[in-house]
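>>> I'd like to go over a predicted model; first the sequence, then the structure.
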Amino acid sequence: MSIIEIERTLPTLELPRTIRIYRPTELPADEALPVIYMHDGQNVFSGETASFGKGWEVHHALHAVKLHAMIVAIDSPDDAMDRYDEYAPWTDEALLMRTAYPSHRTTIGGHGKRYMDWIVHELKPYIDEHYATVPTDTTMIGSSMGGVISLYGLFAYPEIITRVAALSTAGWANFSSLLEFIERSPNLSEQHRCYMDVGTKEISGPMTEIDYLHTNDVLAQAVRRKVETARYEVIPDAIHHETEWAKRMPDILRFLFSS
């Protein structure tokens, strides 16, 4: 596996951040590929860099489904509260009350719009300039809070992002704001695809299985009304962990990239 690491300063924290770029080495360097942007980049490949010791190993999933694509994985902030800030498009006092991490902050969230703007207007143009890509074929994948920001990206930039997978979305975060944003968005075109899922045994901090199931059910219903090709799966006994997301990746990629 060959991963190129670059450092970029994001507007959210104004600190250097690692971007991990994977392109299948068996393919010619000049073969234009679709690009998959992924959040929590340190967890996307190897368990050696993953926050909880297990990586998604997405490169293996690409090979398993014989998909020719690039991965651009953006590391999340080291501090868990900064991650909430970056992946939540809206400030949310309820988010502060529901997180598992003690904090002196009075609000959390609200940097997600700037983060997404940076991906679309700065990172994507850089990738398209320096690698052989299909600029009109852009996918975004994230889990938990990464699912929140991925869903936001689909409806904020439908002219740029055509495919999204939101795994085990932390739908309780920014719930009302995200739901309203989706409901007010225009219907997307036939080229758009959206995959969502949630396990029946998902918990994080004080959030229960019921919280995850209910909020994902409601968000998925809203997405289905806007996206013609949408899929929502409730995974029996699945927990909130990278091991589960790694297992689901081949099937998710097949759905997103099926003709």
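That came in fine, so what should we check first? Here the structure is a predicted model, which means the values were calculated and not measured.
>>> can you map out the helices along the stretch 101-250 of the chain?
Using DSSP state H, counting those that start in this stretch, the helices of the stretch 101-250 of the chain run over residues 112-118, 124-130, 145-156, 175-184, 209-224, 242-257.
>>> and the first one, what does it pack onto?
The reference is to helix 112-118. Applying 3 or more CB pairs under 8 Å, 6 or more residues apart in numbering; DSSP states H and E, we find helix 112-118 packed against helix 80-87, helix 145-156. For glycine as for every other residue, the C-beta is placed from the backbone atoms N, C-alpha and C.
>>> which one of the ones you listed is the most hemmed in?
helix 145-156 (a mean of 27; mean count of other CB atoms under 10 Å).
>>> sorry, back to before: now for the helices of the stretch 101-250 of the chain, which one comes closest to residue 6?
helix 124-130 (8.6 Å; CB to CB).
>>> what helices or strands is that closest one leaning on?
strand 33-38, strand 133-143.
>>> could you give the angle of the longest one to helix 145-156?
To tie it back to what came earlier, the one meant is strand 133-143. 130 degrees (axes from the mean of the first three to the mean of the last three CA atoms, to 10 degrees).
>>> so how far is strand 133-143 off the chain centroid?
10 Å (CA atoms, centre = their mean, to the nearest Å).
>>> can I get the helices and strands packed on helix 124-130 in a markdown table with distance to residue 205, mean pLDDT and mean neighbour count?
Formatted as a markdown table, the helices and strands packed on helix 124-130 follow (distance: least, CB to CB, whole Å; pLDDT from 0 to 100; neighbours: other CB atoms under 10 Å):
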| stretch | distance to residue 205 | mean pLDDT | mean neighbour count |
| --- | --- | --- | --- |
| strand 33-38 | 23 | 98 | 22 |
| strand 133-143 | 16 | 98 | 21 |
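>>> nearest to residue 247 among those strands would be which one?
strand 133-143 (12.4 Å).
>>> name the residues that touch the closest one?
Counting by CB atoms under 8 Å, 6 or more residues apart in numbering, strand 133-143 makes contact with 32-40, 69-70, 87, 124, 127-128, 148-150, 153-154, 160-169, 242, 245, 252, 256, all of which sit outside it.
>>> now stretch 78-89
Contacts of stretch 78-89 (CB under 8 Å, 6+ apart): 10, 12-13, 39, 76-77, 95, 99, 101, 103, 105, 108-113, 115-116, 142, 145-146, 148-149, 152, 156, 173-174, 177-178, 181.
>>> how about a cut-off of 6 Å?
12, 76-77, 101, 103, 108-109, 111-113, 115, 145, 148-149, 152, 173-174 (CB atoms under 6 Å, 6 or more residues apart in numbering).
>>> now restrict those to buried residues only.
By neighbour count, with 16 or more other CB atoms under 10 Å, the contacts of stretch 78-89 hold 12, 76-77, 108-109, 111-112, 115, 145, 148-149, 152, 173-174 as buried.
>>> closest one of those residues to residue 132?
residue 115 (26.0 Å).
>>> I'd say the closest one and residue 12 touch.
Yes. Assessed by CB atoms under 6 Å, residue 115 is found in contact with residue 12 at 5.4 Å.
>>> coming back round to it: which among the helices of the stretch 101-250 of the chain is found nearest to residue 91?
That would be helix 175-184 among the helices of the stretch 101-250 of the chain, by CB to CB, at 9.1 Å.
>>> correct me, but residue 227 touches residue 194?
Yes. Residue 227 is within contact range of residue 194, at 4.6 Å (criterion: CB under 6 Å).
>>> just the buried ones among the contacts of stretch 78-89: which has the poorest pLDDT?
Ranked by pLDDT, the buried ones among the contacts of stretch 78-89 bottom out at residue 108, which scores 85.
>>> now that residue: phi and psi?
Here is the backbone geometry of residue 108 (degrees, to the nearest 10): phi -140, psi 150.
>>> tell me the spacing between it and residue 89.
From residue 108 across to residue 89, the span is 12 Å (CB to CB, to the nearest Å).
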